[in-house]
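Asks: heads up, no residue letters with this:
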């Protein structure tokens with residue numbers, strides 16, 4: 001609202017402007033209290049948002065351990081015929097691998113060279129058959145060789161066309177995008193091209209297959225295996241083999257349990273759990289100097305969350321034939337402040353006794369990952385999560401306070417206008433009285449002088 005100039009007290013001598021401002025400011029005490037409550041609600045909202053984020057981080061960490069496994073592995077191999085990469089959860093073991101053939105793509109090339117990439121091609125149609133999928137590529141009469149390559153690449157056929165040159169002539173080369181051919185089918189099924197010429201300009205392409213597709217063949221512990229690609233992910237569990245060259249004899253692939261990697265995997269869970277626990281403890285750890293309106297200390301949902309988090313430590317996985325069923329059994333223990341630490345000795349002992357049981361603590365039905373997912377759903381679900389409901393409630397209260405403050409501002413402005421009107425009226429009365437007094441003092445009565453007693 002625009003400020004209004006007022007020259008108060010001209011007649012009465014009172015500083016009416018200051019009086020009005022002071023009286024209006026007293027009325028603003030209610031607004032100031034509302035603004036303090038808004039500030040407190042915003043701090044509580046921030047705290048709830050942090051809690052939800054920490055819960056999501058814990059869920060992400062445990063989900064990764066459930067999906068990829070707790071047990072890290074390392075590869076020991078000096079093989080020339082292949083390289084190997086172990087994923088999280090790879091099974092420890094030793095394998096003999098011998099590569100007998102590498103996969104390669106099928107290729108076709110024009111039989112006769114063209115003078116250059118701009119040389120004209122006789123119009124017609126190319127029918128490209130890749131593994132039984134046929135794609136027709138129309139050629140306009142007189143299209144440049146490079147135009148034909150472009151049309152093939154834009155056709156959607158699972159091939160790549162390019163122009164190659166021997167320094168004298170240019171050739172159109174077509175290569176399948178995938179190596180190998182369907183297992184059980186002949187190599188020729190990977191690529192065949194039929195050309196129909198109907199034009200009269202330039203020369204036909206005369207494409208023919210110059211390299212048949214080949215599948216990769218190799219042996220693992222004497223078992224003969226065939227795959228379309230030199231990258232193999234489905235033979236050794238959780239391990240990717242990349243075949244590099246043919247070998248005359250088997251080479252050793254050794255997958256070992258990586259204790260340090262396993263500890264790092266578990267540490268991601270510990271860090272996420274401890275971050276959430278620390279945040280909860282920070283809200284609950286209050287004293288006489290703490291402004292409780294600016295914390296979640298009095299929120300019953302926080303105590304409930306703390307209780308559910310502690311219960312995760314006591315979850316038992318229903319696994320028959322083993323006594324490794326809880327976090328404590330794999331070396332994860334709780335400290336006095338509620339944080340978790342990892343005892344390497346207990347972990348090593350558990351791994352030596354039963355690796356699958358260690359893995360099951362997170363991966364099995366009812367395991368830690370499932371418990372954390374349930375915790376996340378109860379707290380963070382957008383429709384009926386406890387923390388989500390608290391957020392919704394606080395946001396509603398903030399909106400109501402905005403309305404209440406706006407109404408108070410209007411009330412105070414009306415109060416100010418009333419005071420201005422009253423003081424203005426008073427000044428007018430005082431001004432008239434002053435004028436009357438001045439008039440009376442100037443009157444002279446007959447037979448009366450200022451010297452008369």
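Replies: Yep, that arrived. Just so it is clear, the structure is predicted and the values come from calculations on it, not from any experiment.
Asks: wait, is residue 347 part of a helix?
Replies: Yes. Counting by DSSP: H, G, I helix; E, B strand; the rest coil, one finds residue 347 located in a helix.
Asks: Could you report the neighbour count for it?
Replies: Counted with other Cβ atoms under 10 Å, residues neighbouring residue 347 total 20. C-beta here means a position set from N, CA and C on the backbone, and glycine is covered the same way.
Asks: swap in residue 84?
Replies: For residue 84, using other Cβ under 10 Å, the count is 20.
Asks: residues in contact with it?
Replies: By Cβ atoms under 8 Å, 6 or more residues apart in numbering, residue 84 lies in contact with 75, 77, 236, 239-242, 253, 255.
Asks: Show me which positions of stretch 120-135 end up buried.
Replies: Within stretch 120-135, the residues that count as buried by 16 or more other Cβ atoms under 10 Å are 120-124, 126, 128-131.
Asks: ditto for stretch 81-100
Replies: 81-82, 84, 86, 88-91, 95, 97-100.
Asks: start to end distance for that stretch?
Replies: From its first residue to its last, stretch 81-100 covers 9 Å (Cα to Cα, to the nearest Å).
Asks: Repeat that for stretch 210-227.
Replies: Across stretch 210-227, the terminal residues are separated by 22 Å (Cα to Cα).
Asks: what about the helix or strand residue 98 falls within, average pLDDT?
Replies: Element membership of residue 98 [criterion: DSSP states H and E] is strand 93-101. Averaged across strand 93-101, the pLDDT comes to 95.
Asks: Neighbouring strands - and their directions - for it?
Replies: When pairs are called by DSSP bridges, strand 93-101 turns out to pair with strand 216-220 (antiparallel), strand 251-257 (antiparallel).
Asks: Can you add distance to residue 191 and give the buried residues of stretch 81-100 back as a markdown table?
Replies: Formatted as a markdown table, the buried residues of stretch 81-100 follow (distance: Cβ to Cβ, whole Å):
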| residue | distance to residue 191 |
| --- | --- |
| 81 | 27 |
| 82 | 27 |
| 84 | 30 |
| 86 | 35 |
| 88 | 38 |
| 89 | 38 |
| 90 | 36 |
| 91 | 38 |
| 95 | 33 |
| 97 | 29 |
| 98 | 29 |
| 99 | 24 |
| 100 | 23 |
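Asks: And the helices in the protein?
Replies: Counting by DSSP state H, the chain has helices at residues 16-27, 29-68, 145-154, 259-284, 300-311, 344-353, 355-363, 368-380, 386-441.
Asks: Mean pLDDT and distance to residue 163 for the ones you listed - can I get that in CSV?
Replies: CSV is the format used below for the helices of the chain (pLDDT from 0 to 100; distance: least, Cβ to Cβ, whole Å):
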stretch, mean pLDDT, distance to residue 163
helix 16-27, 83, 84
helix 29-68, 89, 45
helix 145-154, 97, 6
helix 259-284, 89, 48
helix 300-311, 84, 64
helix 344-353, 90, 58
helix 355-363, 85, 53
helix 368-380, 91, 54
helix 386-441, 85, 60
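Asks: Out of those helices, which gets nearest to residue 221?
Replies: Smallest distance to residue 221 across these (Cβ to Cβ): 20.6 Å, for helix 355-363.
Asks: The closest one vs helix 368-380, what angle?
Replies: Per axes from the mean of the first three to the mean of the last three Cα atoms, to 10 degrees, the angle that helix 355-363 makes with helix 368-380 is 10 degrees.
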